[in-house]
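Q: sequence and predicted structure are below.
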Protein chains: 2
Amino acid sequence: MIQRELSKKPHMATSEGDEELVKMILDRWTNKDFGLDEAKEMRYDVYLSFPDKGNPNRVNVVSPAGNTLFQTVITEENLHDSDQLHADVVTPFAAYSPRGNPQGRLVYAFQGKLSDFEALNRTVDLRGTIAIVRYGGVGRSTKAINAAQFGVIGLIVYTDPMDINDGIKDISGTYPNSWYMPPTGVERGSYTQDFGDLLTFSFPAKDYTYRIKESEIKGIPPIPSQPIGFGDAERLICQLGGVAAPNDWQGSLGCTYNLGGPGFRDGIYTNSNVQVNVYNYATVISSANVMGMIRGSVEPDRYVMYGNHRDSWVHGAIDPSSGTSVMLEITRILGTKVKTGRWRPRRTIIFGSWGAEEHGLIGSTEFAEEFYSKLRERTIAYINVDISVFANATLRVQGTPPAQDVVFQATKEVQTPVSASLSVYDNWIRHFNRSSTLHNKIVPLLATLGAGSDYAPFLHYLGITCMDFAYTYDTSKTSARIYPAYHTAYDTFDYTARYIDPGFTSHQAVGRTAGNTLLRLADSIIVPFGPVDYWDTLQSFYNAADANMRAQLTARGLSLDPLRDAIARYKTAAEAFSKIIQDAKDNKEKDPLRIRMINDQLMLLERAFINHHAMEQAYFSHVMWAPRTSTVVTFPGLANAYSTAVSLQRTEDWEKVHKYLTVAIQAVENAATTLETAAAL
Amino acid sequence: MIQRELSKKPHMATSEGDEELVKMILDRWTNKDFGLDEAKEMRYDVYLSFPDKGNPNRVNVVSPAGNTLFQTVITEENLHDSDQLHADVVTPFAAYSPRGNPQGRLVYAFQGKLSDFEALNRTVDLRGTIAIVRYGGVGRSTKAINAAQFGVIGLIVYTDPMDINDGIKDISGTYPNSWYMPPTGVERGSYTQDFGDLLTFSFPAKDYTYRIKESEIKGIPPIPSQPIGFGDAERLICQLGGVAAPNDWQGSLGCTYNLGGPGFRDGIYTNSNVQVNVYNYATVISSANVMGMIRGSVEPDRYVMYGNHRDSWVHGAIDPSSGTSVMLEITRILGTKVKTGRWRPRRTIIFGSWGAEEHGLIGSTEFAEEFYSKLRERTIAYINVDISVFANATLRVQGTPPAQDVVFQATKEVQTPVSASLSVYDNWIRHFNRSSTLHNKIVPLLATLGAGSDYAPFLHYLGITCMDFAYTYDTSKTSARIYPAYHTAYDTFDYTARYIDPGFTSHQAVGRTAGNTLLRLADSIIVPFGPVDYWDTLQSFYNAADANMRAQLTARGLSLDPLRDAIARYKTAAEAFSKIIQDAKDNKEKDPLRIRMINDQLMLLERAFINHHAMEQAYFSHVMWAPRTSTVVTFPGLANAYSTAVSLQRTEDWEKVHKYLTVAIQAVENAATTLETAAAL
C-alpha cells in the first residue's frame, strides 16, 4: 500500500527518507505504463532549521544550587513496534528558534497572544522570565515574538489535553489505546510568520540568488523556544506559584494553573529556575520538488495544477502522506489512461510534490517565484490536498468563491463511504453550511483559505483560484484543535489505519472528489467557475463594514458608498457574464476564440484582486484573503486598519483606513472590469 | 486645417481651451460618418500646479538699498499677429515649484547636476544663494533638488542659445526670422521626477481615492524655482563676479560666464541680490481623457492602443497638436472605413487623447491605474505619437525590441516627403543606425524609450510593448537640444508652417508610418513582433556588464555566468519560437487556438520583464528600461547599484549589486520561459 511505503521512514525535508521519496515519486511519474508525459526534479537551495542530533533540545528545572531537578523527555516514548525508535525520528524542536540556554523564573501565559501577555504583565514582572504557553489562539512564532516584547527570555510551548485530547491525559486513554495524543507527544513546527525561503523573498532560491543576512530575517522567534509534551508540561505548570490564572486560561492537566510568582510555589521546585536549552542550527540545503505534467490537447498553454508537499516532520502518515497517496493514485489512473491512449485532457495538468512545506511552504513558494510569469498568465486553478483525512465524518473544502460551483458539482457525484445513497455533497451540507444571499438558500460552506498549506503562494502571491480538500471531524463529537498525532512521532501508518481512516474509505472519497474536480477543470470546454459567487462574499464584506464601521467612517468624512456601488457594478457585470456563459452552453458555442475569451475572463477574475503595491505584508497581496486580525469580517486591509484607527485614534491611522478602503474599491472595480464586455470603454 | 484649429487657442490642462478640444475630439470620434464605434470622456481629479494670473512670477535684481534694479519679462514678446498676446497664454512657471520670494547672492551652476554643484561648492559657499542654471544635462526638478542640498534657496533656469539656438542670440536671427528661440522665449515645464498624479500613486484619482498630504510629495523642487529667457539670463550671468566658469560651462550669451562671488561683480549690480518671486498654487481639478474605440472582429479582447496628449503649455501647435492632428487624421480614415462597413480590425483598437501630460503624464497614468487588470491582460502594444514633427529630416522611432520588426516593415512601405523612390526606412537608416549582432548588419536604430511622454505608464508600469514615432533633425545640421520653440509661446501654427514642416509633408510621413504600424498590429493574424530581437539588447547589456564590471564582481565573489546562461537560454527559446511562428505562416496555420497561443506569448513577452517588488522607484518596474544613471549600458538596476558600490565600496552596496544581478537573471529567465513550449516543465 502506497501510504505505508510513504510513511515507513521519517522523511523530514532534505533527509534521506525525503530523498528516497523523491526517487520513488519520480519513478512512478516516469513509469512507462502509468506515468505522466513528463516528470522531473526541480531543486532549490533553501534555508532550513534543524535540531542538533548530538545535543538534543530540552527544558530543565534548575535548583538554586544549580542542580538539575527535572528534565523533559528527549523524544517520544515508543508505543508501537519500533516506530518511535527509528534513528531518523527528529527530536522535538521549534524550527527557526535561535540557539541559547536562557534560564529564569517560570510564568504561565496561556496561548501567548498579545492580550495574554498584556494581562499577565499587569501583575507579574515578566522581565527575565521563561514563559510557558500552549498551542492555539495565535501562530507559533507570534507567541515568541509577543513574549520577547515583554522581556521574556525563553519560551516553552506545549499542547494542553483540553485543546487536543478532549481533556484526556491518562495513558490508558491515549494512543495506542485511542486516537488521543500520549503524554510524551510533542507538536513540532515551523516558527515563522511569512512563507517561502526566508533568505530569498520574491526570488527562487538558486545558487546565484541574492540572499539577505540571517540577522535581517523577520517573523521568527527572537528568543530560544521549545515545544514539549503535556506530560512534561504538567510537571512544570502544576508547580507554579503566584495567583490562579483566569478560568478560561485553565486546562486539563489536573491541577489549578497559577500564573507564576514568577516562578514555582514552595515545594519540590522552591526558588528554582527553568532553563530552555535549544541547540538548533540553520543551513542552506538543496530541497527538491518533483513535478509532473500531462500535456493538454486543445489548450496546452492553460494549466490546472494539483499539489501536495512530500516532507513530514516524522513519519507523516497523515501529514502529508494521506494527501500524497491520494495524489499518486490520481496520477496512476490518469497516467494509465494517457499511456494507453484512451484520454488526454483539454488543458495541461501539472502535479507538484513540494519539498520543505513544513518549514514554511518553501518548495511551492520557490516554484511560484521561479515561474511567476507563466503561472500567472496561464493557470486556471490550483488544487491542494495536504492532510486528506483528519477524520472520517465529512468533507470540508476551503477555496475562493469562483471554485464553489465546480466543487458542488463534483461532490454531488461522489458517494460517501457510509452509504451509496448519500453523496459527499449532502453529507457536507449537514456538517458545514451557510446561508447564501445570492442563492437564497443554505449551501455547503466553502471555507476561507488561510496560509496553512501550499496553496498560499498560488493564492496570495499569484492570485490563482485555489481549493483545498480534506475529510474531517464531526465537530459535535470532538473539540480537538486538530487530529491529536499532528506533528508528533505518532503520526504513523498504524495510527492512521487504526484511528483516522480504518479501511481508507475517506481517502477514497477525497480522491474521488479532488479527481472529479480536477477533471472538470481540465476538460470542461468552458472553465467551470461561477463568477457571480464572488458577489456573495463581496456583499457580506460590505454588510459587515456597513454594520460595524459606517458611523465612525462618516464621522471621519469617509463614505462606504463607492464600495457599495463598485460591488453593485460587480454584480451586474457577473450576471451579464453568466448569461453569456449560459448562452454559449445552450447554443453549443463552437467558435474557439469566443470560448477562449470567456475562459480568459474566468481565469483572470481572481488575478484582479491582487495588489502588489498596496498590501502590508510581503506576499499577502490578495485584497480579499490577506490575513485579518480584526474581528470585522470584511476586506482584511480595511478591517485591520479600522481596528487600529479605532484603538489609537491617530490621524495617520484614519488615513490608512481611507487608503485600504480605496484598495478594496479599486480591486472590486478591476474584478468587474474583467467580467465586462472586452470591446468597450 | 485641423492643426490650426487645435492650436489657435492656448489649451493648458483643464483650461477653457483644453475643454473645448475635449468637445471637439469627442465630436469627431462620435461623428456618424467618420467616427469610431464608441467614444467618451473619462475624468480624474488630479493635482495640478499653476501660476497666479494676477501676480505673475518674476526674477528681480535688488540693490543693497532695496530698489529693484532689474526685472525679468512677465511673458514672451508678441512677434506674430497677436499669437503671444492671447489672454490665455500662461506666464512662464515651473510647475510644482513652491511659492516664495527668496533673495540672495547669485551663482552660476551650469546644468545643475549633482557634480556641477559639487564642483561649484568647492570654491563658493552656496548657503543662502540663488543659483542660475541652464536646461539640459539632468531633469528639471532634479536641478532644484540638487541645489537645495547645498543650501541654495532659490533657483533660476534658463535656455542657453548654445544649447537651443546653435549659438544664435540676436533677434535678427531668431523667430520670426528663423526657427530659433527669441530672447524672451521661456521653456515652461513640469518640475517632477515621478509621473502620474502626485497625490494618488497606484490609484486612479477619483473622488473616493485616498490622497497623500501635499507635504508627503517627493521629487518636486524644495525651493522656489523659475524659468526665464536667455535675454533676461544674459542680464544676470554677464554681470556675475567671481572666477570664470570652466570652459565647458561657458555658453553663447556673449560674455565670460563667471561662477559668482557669490553675487555680481562691481558694476551696475554691485552688492545686489537676486530675488526669485514665485506665486504658483496647486489644486485638485478635473482633467479629461477622451477615449475612442473600434471593436475588433475576431479578437475583441485584444487591444492595440494609440495615444497622444491633448494639453499644451501655450498654443502647442507642435507639442502636442502635431501629434493630435496625425491621430485625428488616422481616426477619420479608419472611422470612415468602419462607418461604411468596408473594414473592421481583427483586434480592438483604443485611442486616447490624454489630459494633463505636461504636468507629468497624468491622464495616461490615471487611465493605466484605473484599468490595470484589463490593460495588462489584453494589450498587444501601445503606439505614442506626441510631437510628430520636430523637424523634417528623418523619422526617429523609440521602442522596445519586439516592436522593431513591425516598424521596419511599415517604414519600408512609406515614402519620404522628398522622394517617391526613397522609403522612410532607407532615409532613417542613413541618419540613425546601429550594428546588430543578431542580424549581423547595420539596421536602423530603434532608440530607447525614456519616460518623456505618455508611453511611460504603459511601458514602465504595465510592461506593454511600446513605440513612439516622430520626424526629426539632421543632427549634423543643428545641435539644438530640441526644437527651439519647445514649451514657449512661439510654438504656434505660424511657426510650424513656416519652419518645422512647410507643406506638412513630414506630418503625413509620420501619419502613414504610425498608421501602417497600427494596422499591422491590429490586423496581422500573428502579432508582428520579433521575439529574437530582445536578444540583441540582452547580449549588448551582458557585453557591457562583462567588459565593465567583471573584475570587480569577481573580486566580490559575484559571477556574471548565470546571467550569460540565462541570455543564452533566451536566445535558444526565441529562435525555436521564431521557427514555430515561421512554420505557422508557411503552413497557413488555421487553428485559432494555436495562433492565439503564439500571440499570447508574443503579447506577454514584455510583461516578463516587470518586477513590481524589486525596482527602487515607484513606477519604474521594467527591469530593462528603468532610469539608468550609470554610464555602463546594462540592466539599469544593476548598473546603478554597481556605480554606487564602486564609488562608496560599502558591503551593503555590493549586496545591492547582487540583488540587482539576481533581478536581471530572473527577468531574463521569465522572458525565456514565456517563449518556451507551454506544455513543458
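A: Perfect, thanks for sending it.

Q: which stretches in the stretch 151-300 of chain A count as helices?
A: Ranges of helices within the stretch 151-300 of chain A are A:161-164, A:230-237, based on DSSP state H, counting those that start in this stretch.

Q: which outside residues touch the shortest one?
A: Contacts with helix A:161-164, where a contact means Cβ atoms under 8 Å, 6 or more residues apart in numbering or on different chains, come from A:134-136, A:167-169, A:180-181, A:230, A:251-253, A:479-482, A:484, A:486. C-betas here are computed from N, CA, C, even on glycine.

Q: got the residues of the stretch 151-300 of chain A near chain B?
A: Contacts of the stretch 151-300 of chain A with chain B, taken as Cβ under 8 Å from any Cβ of the partner chain, map to A:201-204, A:206-210, A:291-293, A:295-296, A:298-300.

Q: list the ones among those residues that fall in strands.
A: Using DSSP state E to define strands, the subset of these located there is A:291-293, A:299-300.

Q: ranking those residues by neighbours, who comes first?
A: The member of those surrounded by the most neighbours (other Cβ atoms under 10 Å in any protein chain shown) is A:Gly292, with 27 neighbours in all.

Q: does it touch A:Glu38 like I think?
A: Yes. Under the criterion of Cβ atoms under 8 Å, A:Gly292 is in contact with A:Glu38, at a separation of 7.0 Å.

Q: quick one: common contacting residues for these two?
A: With contacts taken as Cβ under 8 Å, 6+ apart, A:Gly292 and A:Glu38 have B:Leu681 as neighbours in common.

Q: for the residue most central in space within chain A, pull up the helix or strand it's in.
A: For chain A, A:Gly452 is the residue whose C-alpha lies nearest the centre (Cα atoms, centre = their mean; 0.9 Å). Using DSSP states H and E, A:Gly452 falls within no helix or strand.

Q: do you know the pLDDT at it?
A: In the prediction, the pLDDT value recorded for A:Gly452 is 95.

Q: how about A:Glu616?
A: For A:Glu616, the pLDDT comes out at 78.

Q: which residues does the closest residue to A:Val46 other than its chain neighbours contact?
A: Excluding the flanking residues, the one nearest A:Val46 by Cβ to Cβ, 6 or more residues apart in numbering or on different chains is A:Asp197, at 4.6 Å. By Cβ under 8 Å, 6+ apart, the contact list for A:Asp197 reads A:44, A:46-47, A:205, A:360, A:362, A:365-366.

Q: where do the strands sit along the stretch 351-500 of chain A?
A: Assignment of strands within the stretch 351-500 of chain A using DSSP state E, counting those that start in this stretch yields the ranges A:379-384, A:394-399, A:433-436, A:441-444, A:446-447, A:465-472.

Q: how far does the second one sit from its chain's centre?
A: Read that as strand A:394-399. Strand A:394-399 sits 13 Å away from the centroid of its parent chain (Cα atoms, centre = their mean, to the nearest Å).

Q: partner strands of that strand, parallel or antiparallel?
A: Applying DSSP bridges to the sheet, strand A:394-399 is found paired with strand A:446-447 (parallel), strand A:465-472 (antiparallel).

Q: I'd like the ones you listed as a markdown table, with mean neighbour count appended.
A: As requested, the strands paired with strand A:394-399 are arranged in a markdown table below (neighbours: other Cβ atoms under 10 Å in any protein chain shown):
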| stretch | mean neighbour count |
| --- | --- |
| strand A:446-447 | 18 |
| strand A:465-472 | 26 |
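
Q: and those as JSON lines, adding mean pLDDT?
A: Formatted as JSON lines, the strands paired with strand A:394-399 follow (pLDDT from 0 to 100):
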{"stretch": "strand A:446-447", "mean pLDDT": "97"}
{"stretch": "strand A:465-472", "mean pLDDT": "98"}
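
Q: let's have those in a markdown table, adding distance to A:Ala566.
A: Compiled in a markdown table, these are given as follows (distance: least, Cβ to Cβ, whole Å):
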| stretch | distance to A:Ala566 |
| --- | --- |
| strand A:446-447 | 23 |
| strand A:465-472 | 21 |
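
Q: between these, which one is closest to B:Ile383.
A: Go through these one by one with Cβ to Cβ and the one that ends up closest to B:Ile383 is strand A:465-472, at 34.2 Å.

Q: show the buried residues in the contacts of A:Asp197.
A: Taking 16 or more other Cβ atoms under 10 Å in any protein chain shown as the criterion, what is buried in the contacts of A:Asp197 is A:44, A:46-47, A:205, A:360, A:362, A:365-366.

Q: the residues you listed in helices, which ones?
A: Using DSSP state H, the members of these that fall in helices are A:362, A:365-366.

Q: tell me the contacts of the nearest residue to A:Ile220 once chain neighbours are set aside?
A: Beyond its immediate neighbours in the sequence, the residue positioned closest to A:Ile220 (Cβ to Cβ, 6+ apart) is A:Tyr96, lying 4.1 Å away. Taking Cβ under 8 Å, 6+ apart as the contact definition, A:Tyr96 lies against A:49, A:141, A:190-192, A:198, A:217, A:220-221, A:280, A:282, A:359.

Q: with respect to chain B, which of those residues is nearest?
A: The nearest member of the contacts of A:Tyr96 to chain B, counting by Cβ to the nearest Cβ, is A:Ile217 at 14.7 Å.
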